[in-house]
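**Student:** Just the structure for this:
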Amino acid sequence: MAEVTDPVDVNGGGRVVALVPAAGQGVRLGEGLPKAFVTLGGRTLLQLSVDGLLASGAVDRVVVIVPEDRVADVRAELPDGVDVVAGGVERTDSVRAGIAAASDADLLLVHDAARALTPPSLIARVVAELRAGREAVVPALPVADTIKTVDLLGVVTGTPHRSDLRAIQTPQGFEAGLLRRAYADAAAATDDAGLVERLGARVRTIAGEPLAFKITTPLDLALARAVVDDRDLIEE
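**Tutor:** All right, here's what the predicted structure looks like:
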């Protein structure tokens, strides 16, 4: 399912290592197994995500982080050269384990396995921005819905302007030393860019892609399967 795209200039700037944390349970998907191991078109979300990273032509190495009891099985299912390490209870612990396994990285990507349909061209554009000198890069899409802030009782406390809001996708890209510093003392977090923001880093957004949506709920999975089915029909 990996998409072959036109090449992006990714020369210079050091070694790129992509981390794919996939040790979570993903219970909201309702499939009875961890989200990363749900299948889509005959391949797991994790396999599809790794395929996309490799197809981008912009990544030198991929490190996948999974539950300890799945390390051997996952290693056998992924292409040669993809490293598989054990993660932790929290996502932060898993990313930290991936960072430790990527000591050779000059640039680090962190990519959600649940964004299995992310176009390789988007991955390459994130890397190209890093190689151009950005210290932190995230794909972003404008927000279509009206967003409300609410208090603990559910009472609306404000309505931010949609023009100021973006929905952030992955892969998120970072200068490796910056991400290592951010995770040195990090508590639980779900957004890597948020951690580097706390260090005062300037995070650059680039245009995201609709197909990089996160497969989190049964409706998301149904949409992803419809997209894959449609691709298969086109290719036949």
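**Student:** Per-residue pLDDT of D9, please?
**Tutor:** Model confidence at D9, given as pLDDT, is 40.
**Student:** and if you look at R91?
**Tutor:** 91.
**Student:** Please enumerate the strands of the chain.
**Tutor:** Assigned by DSSP state E, the chain shows strands spanning 16-21, 39-40, 43-44, 61-66, 83-86, 107-110, 136-142, 149-150, 156-158, 166-168, 172-175, 204-207.
**Student:** With mean neighbour count added, can I get these in TSV?
**Tutor:** For every residue, glycine as well, the C-beta is placed using N, CA and C. Shown next, in TSV, are the strands of the chain (neighbours: other Cβ atoms under 10 Å):
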stretch	mean neighbour count
strand 16-21	28
strand 39-40	16
strand 43-44	20
strand 61-66	25
strand 83-86	19
strand 107-110	27
strand 136-142	21
strand 149-150	10
strand 156-158	9
strand 166-168	16
strand 172-175	27
strand 204-207	15
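**Student:** Indicate which one of those is closest to V227.
**Tutor:** Proximity to V227 (Cβ to Cβ) singles out strand 39-40 among the strands of the chain, at 9.0 Å.
**Student:** what mean pLDDT does that closest one have?
**Tutor:** 93.
**Student:** which residues touch that strand?
**Tutor:** 1, 45, 48, 116, 215, 221, 224-225, 228 (Cβ atoms under 8 Å, 6 or more residues apart in numbering).
**Student:** Output the below-cut-off pLDDT ranges for the protein.
**Tutor:** Regions of the chain meeting the criterion pLDDT under 70 cover residues 1-13, 26-31, 232-236.
**Student:** now the helices for this protein?
**Tutor:** Here the chain has its helices, by DSSP state H, at 45-55, 71-77, 91-100, 120-131, 176-184, 192-198, 218-235.
**Student:** How about the contacts made by the most centrally placed residue in the chain?
**Tutor:** By Cα atoms, centre = their mean, the mean C-alpha position of the chain lies nearest to H111, the distance being 1.9 Å. For H111, the contacting residues are 18-20, 49, 53, 118, 123, 170-172, by Cβ under 8 Å, 6+ apart.
**Student:** T146 too?
**Tutor:** So T146 contacts 159, 162 (Cβ under 8 Å, 6+ apart).
**Student:** picking that back up, enumerate every residue touching the nearest residue to the residue nearest to the centre of the chain once chain neighbours are set aside.
**Tutor:** Nearest non-adjacent residue to H111, counting by Cβ to Cβ, 6 or more residues apart in numbering: P171, 3.9 Å away. Shown in contact with P171 (Cβ under 8 Å, 6+ apart): 18, 53, 109-111, 118, 122-123, 126, 139.
**Student:** could I get the contacts of H111 as JSON lines with distance to S163?
**Tutor:** Formatted as JSON lines, these follow (distance: Cβ to Cβ, whole Å):
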{"residue": "A18", "distance to S163": "32"}
{"residue": "L19", "distance to S163": "32"}
{"residue": "V20", "distance to S163": "33"}
{"residue": "S49", "distance to S163": "31"}
{"residue": "L53", "distance to S163": "32"}
{"residue": "T118", "distance to S163": "25"}
{"residue": "I123", "distance to S163": "27"}
{"residue": "T170", "distance to S163": "23"}
{"residue": "P171", "distance to S163": "25"}
{"residue": "Q172", "distance to S163": "22"}
